[in-house]
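Participant: turn this into a model:
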Amino acid sequence: RTDNCRPDSQTYRKRHALSVLTLPPTLVVPTFQECKCDLIANGPEPDAEKDRLLETFVAWAKVVCAALRADGHWADLTDPCSGLPVLSERGGSYYPDVIGGQMLLNYDIIDTGCCKLLSHPKWHTKVYPATLFTTAPLEAVVPLLAKPFSLKQ
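Facilitator: I've put the predicted structure just below:
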């Protein structure tokens, strides 16, 4: 007798997980905001700057995601602090924005020992990376990215 035909067996799960997992093409939209201070430093100023840029990104990305979702597309943003999705159910992994910038755009990274920082070609470590994902076609996304956005205080 073999356990391979039991639904709870590891072999069964591996064999059938791939047959039901179908992912549509996903567009990765990395964003970069210029910082007022160098994020390689620690302290109240960089912490306040990260909070400000996080608030700006989340507000903007929620507007973009809402527009894409209203058109019937899946869209989500990740929390740059945790790498977890904001609008969708959380899975077992996370998206690291710094590694994404390195892998997708070949940006340099700096390992400070406690974390990795992205080094933007123009702003160096005065940059705040964050990412939005969608199944919408590029033609639907570009006009939304071109729209001016202002965070109203």
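Participant: hey, which helix or strand in this structure has the poorest pLDDT?
Facilitator: Lowest mean confidence among the helices and strands of the chain (mean pLDDT, DSSP states H and E): helix 10-20, at a mean of 47.
Participant: elements contacting the helix or strand following that one?
Facilitator: Downstream of helix 10-20, the next assigned helix or strand under DSSP states H and E is strand 27-34. Packing contacts for strand 27-34, counted by 3 or more Cβ pairs under 8 Å, 6 or more residues apart in numbering; DSSP states H and E, involve helix 44-70, helix 97-105, strand 127-134, helix 138-146. The way it works is simple: take the backbone N, C-alpha and C, and place the C-beta from them, glycine included.
Participant: for the closest residue to residue 97 other than its chain neighbours, give me its contacts.
Facilitator: Ranked by Cβ to Cβ, 6 or more residues apart in numbering and with sequence neighbours excluded, the top spatial neighbour of residue 97 is residue 129, at 4.1 Å. By Cβ atoms under 8 Å, 6 or more residues apart in numbering, the contact list for residue 129 reads 30, 31, 32, 80, 97, 98, 100, 101, 118.
Participant: neighbours of residue 62, how many?
Facilitator: When neighbours are defined as other Cβ atoms under 10 Å, residue 62 has 16 of them.
Participant: look up how far residue 144 lies from it.
Facilitator: Per Cβ to Cβ, to the nearest Å, residue 62 is found 12 Å from residue 144.
Participant: neighbours around residue 77, how many?
Facilitator: A total of 24 residues lie near residue 77 under the criterion other Cβ under 10 Å.
Participant: what number of residues lie near the nearest residue to it once chain neighbours are set aside?
Facilitator: Nearest residue to residue 77, sequence neighbours excluded (Cβ to Cβ, 6+ apart): residue 61, at 3.8 Å. Neighbours of residue 61 under the rule other Cβ under 10 Å: 23.
Participant: which residues does the most centrally placed residue in the chain form beta bridges with?
Facilitator: Closest to where the C-alpha atoms of the chain average out (Cα atoms, centre = their mean) is residue 131, at 3.1 Å. With DSSP bridges as the criterion, residue 131 is bridged to residue 30.
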